[in-house]
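K.L.:
can you look at this prediction? I've put the sequence above it.
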Amino acid sequence: MNGPQTKSNGNFKIPLCTATGGTAFRWALQIEIDFGAHDFSVNELKVVNISSPIAGPLHELTPHIAAGALHDSKERCDAPKCLPETRVAVQDELYSWIVHGDPDSEMVDIKWVTGPPGTGKSAIMGSLTEMCKEKGVLVVTFFFSASASPQCRTKTAFIPTLAYQLAQNLPEFKDQAAHSLQSDPLLFKKTLRSQMEALILTPLRRVAPIIQPGLVLVDGLDECEAEAYFPSPTSSSSKERTKDQDQLEILQVLQEASLDPAFPFRIVVASRPERVFRQFFQESSFPPSVVLDEKYDPNADIALFLRAKFSEIRRQYNISPSWPSPGTLAIILNQASGQFNYAATLIRYITTSRQGSPCVLLDQVLGAKGTSGATNLLSHLDAVYTHILRSSPDPALAVKWLWTIMGRSPNGYGLLLFSQPMDFYSASFINMFLQANDGDAEYILGNLHSLIHIPPPNDLESSYRPHHKSLMDFLPCKVFG
């Protein structure tokens, strides 16, 4: 006889079968049988609940979220943050907009924060999230990252992750979202627009209105990768889709949500200035973008960052208070070109490398200008630049164009092509020199706005210029086949 049994005075209690009712209730049939000398009879039939409740109405949602994309996730324990007293102006500007909005009530409540690699976008977004939470603003976040877990790199978990955070903060919303999940078991297989409607907008319409504006913060959207779709389980051919299409789909869904009266959130999207974002946010209906440039005095913040980090290093290694000298600090600020990533990478290198003391390593980095060693020492920048260059439809040709833009030959690195400094020549002149056909410049360089300043087509006077001076050290080592 199978299963557990109990015996008392000729009686057996037999678990006859078990079954599942719904997703949170398990039961069993139990029959008590009295065995006599020659026959038996059924004395009792019981339905026994042998289950313990499964956690909450949104247990079906949890497997579909990207936990690593949450602001306070374990994956982001080492995420960059703004030091106290740094990036204050830009954080205050964004917080004021989140709380008060735009004077023009016709504006779409989505603000774009952009800048080249290394300008501190993710650090600002992380610190802005903490500021809002400390001041009682409801915040839901999604931090895309190409180096994080797979769920943080595609659009699949985007809407479920936002809905999960809303459910954690709004008890009434949780029940309504659970109802949507029960009504449509295939919801996670549907479009982002359908998911936004069912998991967020419909539940919001059914709960009490939220008076204070909240924040939906999306960081690193340019790092969202394309998904492959397979027509059937037996087919190996995937439907081609670019990451630009998935990024645009997210932007469009957010825009539609922002126009719904039931959606009480302002939206901040942070990304590099790639083409899909420039084209989307060029419409006049959006509030002015926040461009992380000289307006926010990045050098002053970088100097504060460097002083704080060098102070920590001096204490740790018992180095003289005079190190580094004011002149050395000025050199670092000049080479940083307003980008935090250079300063952060430099500090990271001299504190983690075992190839010498911080003083020796700093001298090596600053003395490596114009050599391939500089790229090896600053491997983090190398990885960033390589990733961006490969986003061009023709990376090899893009490298040749960049060398020419900088006035040097791609085959003979030291050979000057032009007699004047490159900022003497307008971008339109360089295009005339390089283009075989109209539109070649946009085709080759359109995805490289994070590396160089590219004037708009109607600007016939401005020049190309690199955002970061280390680009000249990086390019000699890069040959793309």
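P.N.:
Alright, I've got the coordinates.
K.L.:
now stretch 142-157: buried residues?
P.N.:
142-145, 148, 151-157 (16 or more other C-beta atoms under 10 Å). C-betas here are computed from N, CA, C, even on glycine.
K.L.:
kindly export it (C-alpha atoms) in CSV.
P.N.:
The C-alpha atoms that make up stretch 142-157 are tabulated as CSV, following Å, rounded to 0.1, in the frame of the first residue of the first chain:
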residue,chain,number,x,y,z
PHE,A,142,14.9,50.5,-13.9
PHE,A,143,18.7,50.7,-14.3
PHE,A,144,19.6,49.1,-17.6
SER,A,145,23.2,47.8,-17.8
ALA,A,146,25.0,46.0,-20.5
SER,A,147,27.3,44.4,-17.8
ALA,A,148,24.5,43.2,-15.5
SER,A,149,22.3,40.1,-15.5
PRO,A,150,20.4,39.3,-18.7
GLN,A,151,17.1,40.7,-17.4
CYS,A,152,18.7,44.1,-17.0
ARG,A,153,19.7,44.2,-20.7
THR,A,154,16.5,43.8,-22.6
LYS,A,155,12.9,45.1,-22.5
THR,A,156,11.3,41.9,-21.4
ALA,A,157,11.2,42.6,-17.7
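K.L.:
do me a favour and average the pLDDT over that stretch.
P.N.:
Computed over stretch 142-157, the mean pLDDT rounds to 91.
K.L.:
any idea how far it is from the chain center?
P.N.:
Distance of stretch 142-157 from its chain centroid, counting by C-alpha atoms, centre = their mean, to the nearest Å, is 7 Å.
K.L.:
and for stretch 117-132?
P.N.:
Put simply, stretch 117-132 sits 11 Å off its chain's centre (C-alpha atoms, centre = their mean).
K.L.:
hmm, residue 80 and residue 120 touching each other?
P.N.:
Yes: the criterion here is C-beta atoms under 8 Å, and residue 120 meets it with residue 80 at 7.2 Å.
K.L.:
overlap in contacts of those two?
P.N.:
residue 340 (C-beta atoms under 8 Å, 6 or more residues apart in numbering).
K.L.:
neighbour count for these two, which is higher?
P.N.:
Using other C-beta atoms under 10 Å, the more surrounded residue of residue 120 and residue 80 is residue 120, with 28 against 17.
K.L.:
now that one: closest residue in space that isn't a chain neighbour?
P.N.:
Spatial nearest neighbour of residue 120, chain neighbours left out: residue 340 (4.2 Å); criterion: C-beta to C-beta, 6 or more residues apart in numbering.
K.L.:
list the contacts for the one you found?
P.N.:
Residue 340 makes contact with 80, 118-120, 123, 298, 301-302, 305, according to C-beta under 8 Å, 6+ apart.
K.L.:
check residue 471 too.
P.N.:
By C-beta under 8 Å, 6+ apart, residue 471 lies in contact with 385, 402, 406, 451-452.
K.L.:
measure it to residue 271 for me?
P.N.:
Residue 471 sits at a distance of 20 Å from residue 271 (criterion: C-beta to C-beta, to the nearest Å).
K.L.:
with residue 256 instead?
P.N.:
19 Å.
K.L.:
who has more neighbours out of the two?
P.N.:
Between residue 256 and residue 271, counted using other C-beta under 10 Å, the more crowded position is residue 271 (25 against 16).
K.L.:
list the buried residues of the longest helix belonging to the chain.
P.N.:
In the chain, taking DSSP state H as the definition, the longest helix is helix 298-317. Counting neighbours by 16+ other C-beta under 10 Å, one finds that the buried residues in helix 298-317 are 298, 301-306, 309-310, 313-314.
K.L.:
so what does residue 178 have for phi and psi?
P.N.:
Note on residue 178: its backbone torsions stand at phi -60, psi -40 [degrees, to the nearest 10].
K.L.:
residue contacts, the spatially most central residue of the chain?
P.N.:
Most central in the chain under C-alpha atoms, centre = their mean is residue 144, positioned 2.3 Å from the mean C-alpha point. Going by C-beta under 8 Å, 6+ apart, residue 144 touches 69, 152-153, 218-224.
K.L.:
can you do 10 Å?
P.N.:
For residue 144, the contacting residues are 66, 69, 122, 152-155, 158, 218-225, 247, 250, 270-271, by C-beta atoms under 10 Å, 6 or more residues apart in numbering.
K.L.:
kindly report the same for residue 75.
P.N.:
66-69, 143, 145, 147-149, 151-152.
K.L.:
where in the stretch 201-350 of the chain is pLDDT low?
P.N.:
The model of the stretch 201-350 of the chain has pLDDT under 70 over residues 228-239.
K.L.:
what segments of it are helices?
P.N.:
Counting by DSSP state H, counting those that start in this stretch, one finds helices in the stretch 201-350 of the chain at the ranges 202-206, 243-258, 275-280, 298-317, 326-336, 340-352.
K.L.:
can you lay out the ones you listed as TSV showing distance to residue 97?
P.N.:
Compiled in TSV, those are given as follows (distance: least, C-beta to C-beta, whole Å):
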stretch	distance to residue 97
helix 202-206	21
helix 243-258	13
helix 275-280	18
helix 298-317	20
helix 326-336	28
helix 340-352	22
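K.L.:
nearest to residue 84, of those helices?
P.N.:
The closest of the helices of the stretch 201-350 of the chain to residue 84 is helix 298-317. By C-beta to C-beta, the value is 8.7 Å.
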